[in-house]
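Visitor: Need the 3D shape of this:
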Amino acid sequence: MIEKAFRGYTKKRDLQEMRKLAVVVQKLWRAYAARQEYQSDLTSIVFIQSAFRRSKALARVQKLKASMKLQSIIRCYLLEKKIAMLKQNAIVIQAKYRGFSLRLKEYYSCTEHLPIEKRTN
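Guide: Purely as a prediction, here's the structure:
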């Protein structure tokens, strides 16, 4: 009977120890699984964030390109307008000079207006 009680006691003690070890194993396994799930979630979050940031950056680049194109068009328009104005001013200056030159030739074509040394009388 003592032997039977001792065997029962040892089996009960072994069972309690096995349960403690099972709890430790379960705890370690759950911690490992939680770390794996966390790492997977973190990887997914980082991927989604980077994709979102990339799309926002691409949208900013497209807006920047569009604004640069618009600025280029406006600069070209203003430059063409300035060139046309300068050409028109050059034409006016040339016309004024030609008119002045013609009037000067007509003025000196009359002998009475020539300087004294150039008159041939």
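Visitor: from here on, contacts and neighbour counts on C-alpha atoms
Guide: Fine.
Visitor: how close does the residue most central in space within the chain get to residue 110?
Guide: The centroid of the chain falls nearest to residue 61 when counting by CA atoms, centre = their mean (3.4 Å). Residue 61 sits 73 Å away from residue 110, going by CA to CA, to the nearest Å.
Visitor: Walking through this structure, point out its helices one by one.
Guide: With helices called from DSSP state H, the chain shows them at 2-109.
Visitor: Would you mind listing where it has pLDDT under the threshold?
Guide: Scanning the chain with the threshold set as pLDDT under 70 gives 111-121.
Visitor: mind running it again at 80?
Guide: Scanning the chain with the threshold set as pLDDT under 80 gives 6, 107-121.
Visitor: where's residue 76 relative to residue 69, distance?
Guide: Distance, residue 76 to residue 69, using CA to CA: 11 Å.
Visitor: Could you do residue 17 as well?
Guide: For residue 17, the distance to residue 69 - CA to CA - is 77 Å.
Visitor: now swap in residue 13 and tell me
Guide: Residue 13 sits at a distance of 83 Å from residue 69 (criterion: CA to CA).
Visitor: again with residue 44
Guide: The gap separating residue 44 from residue 69 is 37 Å, by CA to CA.
Visitor: How about residue 92?
Guide: Using CA to CA, residue 92 is found at 34 Å from residue 69.
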